[in-house]
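*Asks:* Let's see this in three dimensions:
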Amino acid sequence: MKFFQESRNVFLVVLAMVFVLSACGNTGSGGSQSNKDGKVTVNILQSKVEFKEQFESAAEKFMKENPDINIEVETIGGGNDYSQVLKSKIASKSEPDIFNINGKEDLDYHKDRLLELTKMDSVKKVLDKNLLSPVSLDDKTFGVPMNQEGYGIIYNKEIFEKANIDVESIKSLDDLKKVAKKIDSQKEDLNIEAAFALPGKEKWVLSDHAASVFLTDDFDNTIEKAVQSKSLPFSKSDQLKKYLDIQKDFSKQPVGSIDYSQQVEELFSTGKVAMIQQGNWAYPTIESVNPELAENIGIFPIPVDNEMKMPVGVSAYWAVNSKSDEKVQEASKKFIDWLYTEDEGKKVILNEFKFIPVHKDYDTEKIADPLSKEIYKYAEEGETSQWIFKGYPTGYTNDSLGSYLQNYVIGESTFDDAISKAKKAWESARK
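*Replies:* Here you go, the predicted model:
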């Protein structure tokens, strides 16, 4: 009996050790540190659905060059809340090794699991060090910029030509309304369904992009001031209403049922609408659906105070999990550096991702698509505005401003009520 009892005790101790080791293996490395074949596995959670396939293809190319590293990619975006998914994974101990952060709010929220990346080549070679400020603290950098992006109103040049519209004539919201009305009056002749496609299902389109353009002056065109502000002035809310009304009134209906995919793929890319509010990130999708149309599109800024400044910024930053195994951390940094600073990766950035580079040593003459070329031109000439939404309180898009504006465009609230609630929510979040 004593022998069997001692054997049973030894067995229980060994079993307990197995469980402990298993639990350790699930901390901060997506559930794995290395495969049985000796490969290091890097789990990536990324938020850009627009280049999901291209990103997975890039990971395959990297793995061919680095057979000792396995890259696993999970993409969360579109109608899903990336930040909430990331938080859920962290809470369930299945957090990724590489993930996206968006600026100061995320930097503060995730600071306990952000690896310092200051000495990485992909940090040292960023074109403008100001682009690192949203992910920097005490002269230390904790994120690598994904790319530069710009957004505005993408338009179908062929439809504009047939409707006898000169895009250069659009200098104000009144001009934009006249253009939308003119296109609407010719729908049958133009063989289209509407002038616009407003994706009322997408809170980020309404809050992050539409509203943000009309908030730049409230914060002196500075993200940092938005982060620090205890209140939301919204001095140009009347212009935001006018802009949303133009899209809403001349959109394919019902706007509440239109999401990003329908807006870009089903309506714009098939030539059923003339204009959409989106950015250069939509180009790969448009090209995949209709390559011919993709070569005949352009983009212009949303008019604010009769000024035409293109909102340009960094879409997201790559962060490396400091909770991951050291070998996984090194492999993670190696992949990011490969993507942005090595020749094969740079080809992917320009030709496959269709990104506007945010790093040095790129041939910008090879920027691939017409939208990115136009946005790069605005950036080069300094005719840009900041992405103020990068300074919103955490969760403000989905829980507050985006929801309130969504209720307005689908007819469930007044505009004044939406703005009043948005202001109160900002103040509450910043107490």
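*Asks:* now the strands: where do they sit in the protein?
*Replies:* Secondary structure of the chain (DSSP state E): strands at 40-46, 69-75, 98-101, 136-137, 140-141, 144-145, 148-156, 194-196, 273-279, 297-300, 310-314, 317-320, 384-385.
*Asks:* how many neighbours does residue 37 have?
*Replies:* Residue 37 sits with 8 neighbouring residues when counted by other Cβ atoms under 10 Å. In this view, the C-beta of every residue, glycine as well, is placed from N, C-alpha and C.
*Asks:* typo on my end, it should be residue 260
*Replies:* By other Cβ under 10 Å, 21 other residues sit near residue 260.
*Asks:* next one: residue 75
*Replies:* Counted with other Cβ under 10 Å, residue 75 comes out at 19.
*Asks:* How about residue 158?
*Replies:* 15.
*Asks:* contacting residues around the residue most central in space within the chain?
*Replies:* The centre of the chain sits closest to residue 315, judged by Cα atoms, centre = their mean, with a distance of 4.5 Å. By Cβ atoms under 8 Å, 6 or more residues apart in numbering, the residues touching residue 315 are 48, 146-147, 149, 281.
*Asks:* what separates the closest residue to it other than its chain neighbours from residue 159, distance-wise?
*Replies:* Of all residues beyond its chain neighbours, the one nearest residue 315 is residue 149 (4.6 Å), with distances taken as Cβ to Cβ, 6 or more residues apart in numbering. Distance, residue 149 to residue 159, by Cβ to Cβ, to the nearest Å: 24 Å.
*Asks:* Residue 323 reaches residue 113, doesn't it?
*Replies:* Yes: here residue 323 reaches residue 113: they are 5.0 Å apart, a contact under Cβ atoms under 8 Å.
*Asks:* which of the residues in stretch 56-70 are buried?
*Replies:* Using 16 or more other Cβ atoms under 10 Å as the test for burial, stretch 56-70 gives 58-59, 61-63, 66, 69-70.
*Asks:* average pLDDT across it?
*Replies:* For stretch 56-70, mean pLDDT rounds to 97.
*Asks:* Residues in contact with it: which ones?
*Replies:* Here stretch 56-70 makes contact (Cβ under 8 Å, 6+ apart) with 35, 38-42, 44, 71, 73, 331, 334-335, 338-339, 344-345, 348, 352-353.
*Asks:* now stretch 334-350: mean pLDDT?
*Replies:* Mean predicted confidence for stretch 334-350 is 96.
*Asks:* now swap in stretch 194-210 and tell me
*Replies:* For stretch 194-210, mean pLDDT is 97.
*Asks:* Helices along the stretch 51-200 of the chain, start to end?
*Replies:* 52-65, 82-91, 104-109, 121-124, 157-162, 173-185, 187-190 (DSSP state H, counting those that start in this stretch).
*Asks:* With residue 137 as the reference, name the closest of these.
*Replies:* helix 104-109 (6.5 Å; Cβ to Cβ).
*Asks:* Check which residues of that closest one are buried.
*Replies:* For helix 104-109, burial by neighbour count (16+ other Cβ under 10 Å) applies to 104-107.
*Asks:* same check, this time on stretch 346-366
*Replies:* 346, 348-350, 352-359, 362.
*Asks:* ok, back up a step: let me know the closest of the buried residues of stretch 56-70 to residue 244.
*Replies:* residue 58 (36.7 Å).
*Asks:* Distance-wise, check the closest one relative to residue 48.
*Replies:* Distance from residue 58 to residue 48, by Cβ to Cβ: 12 Å.
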